[in-house]
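>>> Return a 3D structure for these sequence lines:
(one chain, ligands or ions: 1)
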Amino acid sequence: MIINKESYQNIVEIANQHNTTVVAVSKTKSVENIQSLYNLGQRDFGENYVQELVNKQQQLPKDIRWHFIGHLQSNKVKKIISFVHLIQSVDSYRLLQEIDKQAQKVNRRIDCLLQINIATEETKFGLNEDALRMLICSMQHSPLSNICIVGFMGMASLSINETQVRKEFQALNQLFNQYKSIQINNYNPHILSIGMSSDYTIALEEGSTMVRIGSLLFGSRNT
Ligand SMILES: *Cc1c(COP(=O)(O)O)cnc(C)c1O
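Got it, this is the predicted structure:
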């Protein structure tokens, strides 16, 4: 598959107008595909699977900023801890503790996003509002020194209904603003990671500061 330079530059330009970072989601795509996009200037890439990420990281330029965006099992954290740039899919305090513990061993502080469940149509991974409140409460009582919570991530329903998707993004943006002013150590939420290929233009209108785009850049995935 040949990366379409024009559509890449078009997406980056639209994102830049909103001061939004584009993360190229490269899951299932080859290192050659990733290298082509890298050659056009892309540096932020997102992956869902630990082993796939580790393999690609070893073969590709070291200045790539790797985002982990899939469900992360605690026992696999150590495999990515030495190089991961941002873990976008933290959905429990237990996972946060494990990231903190492994980060300490390699003397790093790892930026994390809390994945919030905003989809109403189907259940996906992520914290609901109660779980979010409890996680923040745990952070207040026993702060973790080798992580920093830098924002929220969410996925809208796989809905063809634009109104529904917009509502979900608005709800998350509202929650994000509500939680922004809380004062805790290692808590500095300024990233709102919403928007994928099918809904990133809506996300940009609803306050996204980071979009995660796969199929629009790399073509559809064979699953
Ligand atoms: C696969 C994936 C994306 C990108 O999806 P596209 O529809 O291909 O843009 C974004 N975010 C997450 C969490 C993903 O798993």
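>>> for residue 172, helix, strand, or coil?
helix (DSSP: H, G, I helix; E, B strand; the rest coil).
>>> how about it, what does it touch?
Listed by C-beta atoms under 8 Å, 6 or more residues apart in numbering, the contact set of residue 172 reads 116, 118, 152, 154, 192, 194. (Each C-beta comes from the backbone N, C-alpha and C, glycine too.)
>>> Surely residue 184 and residue 142 touch.
No. Counting by C-beta atoms under 8 Å, residue 184 sits too far from residue 142 to count as a contact (10.9 Å).
>>> more crowded one of these two?
Between residue 184 and residue 142, residue 184 has the larger neighbour count (other C-beta atoms under 10 Å), namely 13 against 8.
>>> just to confirm, which helix or strand has residue 203 in it?
Element membership for residue 203 (DSSP states H and E) is helix 200-205.
>>> Going by neighbour count, which residues of that helix are buried?
Residues 200, 202-204 are the ones in helix 200-205 that count as buried (16 or more other C-beta atoms under 10 Å).
>>> before we move on, what about stretch 29-40?
Within stretch 29-40, the residues that qualify as buried by neighbour count (16+ other C-beta under 10 Å) are 29, 33-34, 36-38.
>>> Which of those fall within helices?
33-34, 36-38 (DSSP state H).
>>> tell me, which of these make contact with the ligand?
Among those, no residue lies close to the ligand (C-beta under 6 Å from any ligand atom).
>>> so where do the strands sit in the protein?
For the chain, the strands defined by DSSP state E cover 21-25, 44-47, 65-68, 86-90, 110-116, 147-154, 187-193, 210-213.
>>> Residue 137: which of these is closest?
Among the strands of the chain, the nearest to residue 137 by C-beta to C-beta is strand 187-193 (11.9 Å).
>>> ok, for whichever residue of the chain sits closest to the ligand, nearest residue in space, not its chain neighbours?
Residue of the chain nearest the ligand, by C-beta to the nearest ligand atom: residue 214 (2.7 Å). Spatial nearest neighbour of residue 214, chain neighbours left out: residue 25 (3.4 Å); criterion: C-beta to C-beta, 6 or more residues apart in numbering.
>>> Which residues are in contact with the one you found?
Shown in contact with residue 25 (C-beta under 8 Å, 6+ apart): 45-48, 69, 196, 212-214, 217-218.
>>> May I ask which two of the buried residues of stretch 29-40 are separated the most?
Maximum distance among those (C-beta to C-beta): 12.0 Å, for 29 and 38.
>>> export the strands of the chain to CSV and tack on distance to residue 179 and mean pLDDT?
Converted to CSV, the strands of the chain look like this (distance: least, C-beta to C-beta, whole Å; pLDDT from 0 to 100):
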stretch, distance to residue 179, mean pLDDT
strand 21-25, 20, 98
strand 44-47, 23, 98
strand 65-68, 21, 98
strand 86-90, 14, 98
strand 110-116, 9, 98
strand 147-154, 8, 98
strand 187-193, 6, 97
strand 210-213, 17, 98
